[in-house]
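> What would the 3D arrangement of this be:
(2 chains)
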Amino acid sequence: MTCDRCKKRPATVHVTKIINGQKTEMHLCEECARQTGQLEFFSVPQFSFHNVLQGLFDPESATVGLPSGTISTPTRKCRTCGIDFSDFRRTGFLGCSNCYSEFQGRLEPVIRRIHGSTRHVGKVPARTGGALKVRKEIEDLRRQLEAAIAREEYEKAAQLRDKIKALQGKLDDRP
Amino acid sequence: MMTLRDIIERTLSDWMKGTGPQSDVVLSSRIRVARNLSGVPFPHVASDRDLKKVLDDVLQAVRGSRDTQDFEILLLSDIPVLDRQVLVEKHLVSPQHITETKHRAVALSRDETVSIMVNEEDHIRIQTLFSGLQLEEAWQRASKVDDALEARLDYAFDETIGYLTACPTNVGTGMRASVMVHLPALAATGQVGRVLATISHVGVAVRGLYGEGTESSGNIYQLSNQVTLGRSEEDIIENLKGITRQVIEQENSARNFLLRERRKSLEDRVWRAYGILANARLMTSEEALKLISDVKLGVDTGIITVVGTRMLNELMVLTRPAYVQKLMGGELDPEERDTQRAALIRDRIKSVKEGK
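Predicted coordinates:
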């Protein structure tokens, strides 16, 4: 069998496609298969977080996609690094830390889809975090306090209450 | 004169000793945290000047802090290609980190437990690598280094969504916790696909030997957390640890099954692999990994005692393509490489046997 395309070399790549129930067959030589992009079927697609991420806000994709109206929004650039939201859509990368606030409205649904949350509950940097670190600690202690009360562990609850008070005092002393 | 042994000894990382808990199944535990400098473009769009500034600032912070001042700093543009590949093979930097070299660097602790990548996907990536299942220990160490750097650098951090990263898949804690597991018995009993498919439904990602986008070889898989936002570091680690424990249990029960029901064929497989490793004259890196995996299964099930876990962990790294060439002092063509690799393995096995 010779190649359907160049009609010269022997066909070594046999492609069967079924699209909407329509079956087509192609017999190509390796050279033509590569040129027409058919060989790409045989290499394992690069599967990474970024590819998946791109799928999350690909405007062409019917299954997910962003709330209607966002696509026609005129593209504004980040004032710090100069990338626009379509750059992010294409690459899966933001340009700088300020992009998070510049594109906040459009990023939030993306972040929610990836993580199922939009609220950080972990470590807070000691210096940059400042008062926030203390506030998060208080929040954490309050949760423990509620749990202690629910379990009727009043002695523990009293200790937690004192700790919260002390931290609150620290917060009020701050300039 | 420095012998080959000296070079090997000197270039081994701490985690390869295989002394950590559960190290019959868990080769290593790794924590990686992503950090960025506030208001500076991320490496993939940063100008040369920005990149250089980040590099200078981070390295100054590394040198200036008591916790990191004795770290060895390697500028990727200053070291040979082979050395960069060796860093990947030893799991000290990600494969992505060596694709660009200008203004890229890594700082390594003396025992190679901690590596700080500068200007990778994010400005800073702190990685800690521990032997066996020691995720908490790895996190504590990473967090300490993180604190040391944060005292001197302005991190990009947001009250609501946490540490800001180049890719929003890392935002929040910026932490990826992972374990490298060796699952030969689950593979031999045809269950590995089922087990790994199950755990991917509970927030754990499964990857190959060198992380994202790599294939599994030698029955080694990397398990890591999917989500970095909305859960604390401790929660994420607890979850991964719990799932890893279940995987260990499954692997162990598959090992017991093999020992009980398929003992002869298991013994045969282990000793054949040992025989080939001890005698072959040509060895590809893929074949080496596969055979090392078989012998390791033999060691961990008590079938074979002439070699130990540590040597096998070492061989797993020493037999990788760049490492073999590095040990032989320069680039080799593939056949020469396979010859040298086979010789290296024979030599290591012989020296261990004679040592006994």
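> low-scoring pLDDT stretches of the chain, where are they?
No chain was given, so I picked chain A. Low-confidence segments of chain A, defined by pLDDT under 70, are located at A:16-23, A:36-75, A:129-132, A:172-175.
> right idea, wrong chain: chain B
Within chain B, the segments meeting pLDDT under 70 span B:1-11, B:209-216, B:355-356.
> Strands of that one, start to end?
Counting by DSSP state E, chain B has strands at residues B:26-35, B:72-75, B:105-108, B:114-118, B:124-131, B:157-158, B:162-163, B:175-182, B:204-207, B:220-225.
> Figure out which of these is closest to chain A.
strand B:162-163 (2.9 Å; Cβ to the nearest Cβ). The C-beta positions use only the backbone N, C-alpha and C, and glycine is treated the same way.
> just how off-centre is the closest one within its chain?
25 Å (Cα atoms, centre = their mean, to the nearest Å).
> So which other helices or strands are in contact with it?
strand B:26-35 (3 or more Cβ pairs under 8 Å, 6 or more residues apart in numbering or on different chains; DSSP states H and E).
> for the strand it packs on, packing partners?
Right, strand B:26-35 is packed against strand B:124-131, helix B:135-150, strand B:162-163, strand B:175-182 by 3+ Cβ pairs under 8 Å, 6+ apart.
> Apply 6 Å and report the result again.
strand B:124-131, helix B:135-150, strand B:175-182 (3 or more Cβ pairs under 6 Å, 6 or more residues apart in numbering or on different chains; DSSP states H and E).
> can you redo the strands of chain B as JSON lines with mean neighbour count?
Shown next, in JSON lines, are the strands of chain B (neighbours: other Cβ atoms under 10 Å in any protein chain shown):
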{"stretch": "strand B:26-35", "mean neighbour count": "26"}
{"stretch": "strand B:72-75", "mean neighbour count": "15"}
{"stretch": "strand B:105-108", "mean neighbour count": "23"}
{"stretch": "strand B:114-118", "mean neighbour count": "26"}
{"stretch": "strand B:124-131", "mean neighbour count": "26"}
{"stretch": "strand B:157-158", "mean neighbour count": "20"}
{"stretch": "strand B:162-163", "mean neighbour count": "27"}
{"stretch": "strand B:175-182", "mean neighbour count": "25"}
{"stretch": "strand B:204-207", "mean neighbour count": "19"}
{"stretch": "strand B:220-225", "mean neighbour count": "22"}
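> Residue A:171 is nearest to which of those?
With Cβ to Cβ as the measure, strand B:157-158 is the member of the strands of chain B nearest residue A:171 (18.5 Å).
> The closest one pairs with which strands?
strand B:162-163 (antiparallel) (DSSP bridges).
> Need the strands of chain B in a markdown table (columns: distance to residue B:318).
As requested, the strands of chain B are arranged in a markdown table below (distance: least, Cβ to Cβ, whole Å):
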| stretch | distance to residue B:318 |
| --- | --- |
| strand B:26-35 | 15 |
| strand B:72-75 | 20 |
| strand B:105-108 | 18 |
| strand B:114-118 | 19 |
| strand B:124-131 | 17 |
| strand B:157-158 | 41 |
| strand B:162-163 | 36 |
| strand B:175-182 | 17 |
| strand B:204-207 | 23 |
| strand B:220-225 | 15 |
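> Could you work out which of those reaches nearest to residue B:47?
strand B:114-118 (15.9 Å).
> Quickly run through the sheet partners of the closest one, with directions.
strand B:105-108 (antiparallel), strand B:124-131 (antiparallel).
> Pull the distance from the shortest one to the chain's centre.
A distance of 15 Å separates the C-alpha centroid of strand B:105-108 from that of its chain, computed with Cα atoms, centre = their mean.
> Residues in contact with it: which ones?
Identification of contacts with strand B:105-108 by Cβ atoms under 6 Å, 6 or more residues apart in numbering or on different chains yields B:55, B:62, B:71, B:72, B:73, B:74, B:75, B:93, B:115, B:116, B:117, B:118.
> One more: the last one?
For strand B:124-131, the external contacting residues (Cβ under 6 Å, 6+ apart) are B:15, B:17-20, B:23, B:28-35, B:58, B:113-117, B:137-138, B:141-142, B:145-146.
> Then stretch B:331-348?
With Cβ under 6 Å, 6+ apart, stretch B:331-348 has contacts from B:277, B:280, B:281, B:282, B:283, B:284, B:319, B:324, B:325, B:328.
> of all the residues in chain A, which ones are close to chain B?
A:46, A:48-49, A:53, A:80-81, A:92-93, A:95-98, A:100, A:111, A:114-115, A:117, A:119-123, A:125, A:127-128, A:132 (Cβ under 6 Å from any Cβ of the partner chain).
> Give the PyMOL command for selecting the buried subset of those residues.
To isolate the buried members of those in PyMOL, using 16 or more other Cβ atoms under 10 Å in any protein chain shown:
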select buried, chain A and resi 49+53+80+81+92+93+95+96+97+98+100+111+114+115+117+120+121+122+123+125+128
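> Can you give me the neighbour number for the residue of the stretch 201-350 of chain B found nearest chain A?
When distances are taken as Cβ to the nearest Cβ, the stretch 201-350 of chain B reaches nearest to chain A at residue B:230, 2.6 Å away. Residue B:230: 21 surrounding residues under other Cβ atoms under 10 Å in any protein chain shown.
> okay but it is in contact with residue A:112, surely?
No. Look at residue B:230 against residue A:112 with Cβ atoms under 6 Å: they stay out of range, at 9.4 Å.
> overlap in contacts of the two?
Joint contacts of residue B:230 and residue A:112 (Cβ under 6 Å, 6+ apart) do not exist.
> how about the strands in chain A?
A:13-19, A:22-28.
> What strands flank the last one, and is each parallel or antiparallel?
The pairing partners recorded for strand A:22-28 under DSSP bridges are strand A:13-19 (antiparallel).
> picking up where we left off before, without its sequence neighbours, what residue ends up closest to the residue of the stretch 201-350 of chain B closest to chain A?
The shortest distance from residue B:230 to any non-neighbouring residue, by Cβ to Cβ, 6 or more residues apart in numbering or on different chains, is to residue A:117 (2.6 Å).
> Could you double-check that that neighbour lies in contact with residue B:229?
Yes. Using Cβ under 6 Å, residue A:117 makes contact with residue B:229 at a distance of 5.4 Å.
> who touches the residue of the stretch 201-350 of chain B closest to chain A in this structure?
Applying Cβ under 6 Å, 6+ apart, the residues near residue B:230 are A:115, A:117, A:119.
> how near is it to residue B:129?
26 Å (Cβ to Cβ, to the nearest Å).
> domain assignment for chain B?
Domain ranges of chain B: B:4-255, B:262-353, per automatic domain parsing.
> and those, which is most packed in?
domain B:4-255 (a mean of 20; mean count of other Cβ atoms under 10 Å in any protein chain shown).
> what number of residues lie near residue A:160?
As a measure of burial, residue A:160 has 20 neighbours, counting by other Cβ under 10 Å.
> who in chain B is up against chain A?
Residues of chain B lying near chain A (Cβ under 6 Å from any Cβ): B:36, B:38-39, B:41-42, B:44-45, B:150, B:155-157, B:159, B:161-162, B:164, B:166-169, B:172-173, B:212-213, B:227, B:229-230, B:232-233.
> Geometric centre of chain B: which residue is closest?
The C-alpha lying nearest the average C-alpha coordinate of chain B belongs to residue B:91 (Cα atoms, centre = their mean; 3.7 Å).
> Please name the residues that touch that residue.
Per Cβ under 6 Å, 6+ apart, neighbours of residue B:91: none.
> Quick check: the gap between it and residue B:131.
12 Å.
> cool, and residue B:161?
Taking Cβ to Cβ, one finds residue B:161 at 34 Å from residue B:131.
> try residue A:162
42 Å.
> Just give me the neighbour total for residue A:143.
11.
> cool, residue A:10 as well?
Residue A:10 has 10 nearby residues by other Cβ under 10 Å.
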